[in-house]
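In: Turn this into a model:
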Amino acid sequence: MPRYKITIEYDGNGLAGWQRQDDQPSVQQHIETALEKFSGEKAPVFAAGRTDAGVHACGQAAHFDLVKEFPPRQIRDGINFHIKPAAISVLSAEEVPDDFHARFSAKKRYYRYRIINRISPLTIDRDYAWHIKENLDEKAMHEAAQILVGNHDFTSFRASECQAKSPVKTIDEISVLRTGEEVFIGVSALSFLHHMVRNITGTLRLVGSGKWSADDLKNALLAKDRSMGGSTAPAHGLYFMRVEY
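Out: Numbering: from 1, shown residues only. The predicted model follows:
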């Protein structure tokens with residue numbers, strides 16, 4: 001059975017996230033339905049990361065097996081034809097070895113959180129960024145964020161419903177950059193806890209607004225207590241950028 005890897009982008013608004021749900025549309029459901037219409041086969045699709053409701057993706061990766069072999073271009077175009085009008089697009093498709101797994105073969109995942117830092121309300125970007133009115137010091141945010149780089153117990157940034165066996169993760173890199181009124185938080189790691197990037201973002205906001213110092217962030221990390229961290233940033237500002245294999 002040939003195995004295919006696809007790279008996908010999607011608008012998370014109006015979707016229950018990646019994972020198939022009984023009562024709400026999801027990215028997985030749309031792709032599996034389109035794949036069946038195209039190929040005539042029911043095939044489960046496995047993703048590199050199960051993004052939450054409202055989270056967007058620029059380079060999500062997934063794989064599936066089919067009995068029949070198709071040219072990769074036909075896989076891409078066939079899914080895209082049948083997935084309309086959902087705001088989901090297969091950017092590329094390729095045949096991969098049988099031992100490839102979109103989730104378990106991944107070496108690093110990259111997320112970006114997008115903030116628009118201005119007084120005026122958002123219109124075009126209302127559902128695609130977190131609107132923060134108070135002025136943010138991105139340099140202070142970046143400096144404080146380096147405390148989180150490395151191997152740590154991230155309980156203070158873990159959702160209560162997180163199902164991971166351990167709260168210990170390793171952040172390879174985290175950066176906070178500004179371009180005009182936009183502030184971007186980029187984070188890369190092998191894997192993340194549930195809501196980890198959004199909780200880190202909500203905490204860095206406290207640093208950026210001057211309410212917290214870098215030491216406050218360090219103390220929150222060491223506390224290993226979710227109540228000691230900042231708020232959870234909205235899902236619609238988060239983007240799954242790409243996966244490294």
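
In: Residue 183 reaches residue 112, doesn't it?
Out: No - the criterion here is CB atoms under 8 Å, and residue 183 misses it with residue 112 at 10.8 Å. In short, each C-beta sits where N, CA and C put it, glycine included.

In: What pairs with the longest strand along the chain, parallel or antiparallel?
Out: Criterion DSSP state E: the longest strand present in the chain is strand 168-179. Strand pairing for strand 168-179, determined by DSSP bridges: strand 150-153 (antiparallel), strand 182-189 (antiparallel).

In: how about the residue of the chain most remote from its centre, secondary structure?
Out: Within the chain, the residue lying farthest from the chain centre (CA atoms, centre = their mean) is residue 68, at 31.5 Å. Assigned with DSSP: H, G, I helix; E, B strand; the rest coil, residue 68 falls in the coil class.

In: In space, what's closest to it - neighbours in sequence excluded?
Out: residue 39 (6.5 Å; CB to CB, 6 or more residues apart in numbering).

In: re the thing from before, more crowded one of residue 183 and residue 112?
Out: Using other CB atoms under 10 Å as the criterion, residue 183 and residue 112 rank with residue 183 on top: 26 against 20.

In: show me the contacts for the nearest residue to that one once chain neighbours are set aside.
Out: Distance criterion CB to CB, 6+ apart; nearest residue to residue 183, sequence neighbours excluded, is residue 115 at 4.2 Å. By CB atoms under 8 Å, 6 or more residues apart in numbering, residue 115 lies in contact with 129-132, 136, 182-185, 201, 205, 237.

In: hang on, residue 115 in a strand?
Out: Yes - secondary structure of residue 115 (three-state DSSP): part of a strand.

In: beta partners for residue 112?
Out: The partner residues for residue 112, given DSSP bridges, come to residue 186, residue 239.

In: wait, what's in contact with it?
Out: Neighbours of residue 112 in contact, by CB under 8 Å, 6+ apart: 184-187, 238-239, 241.
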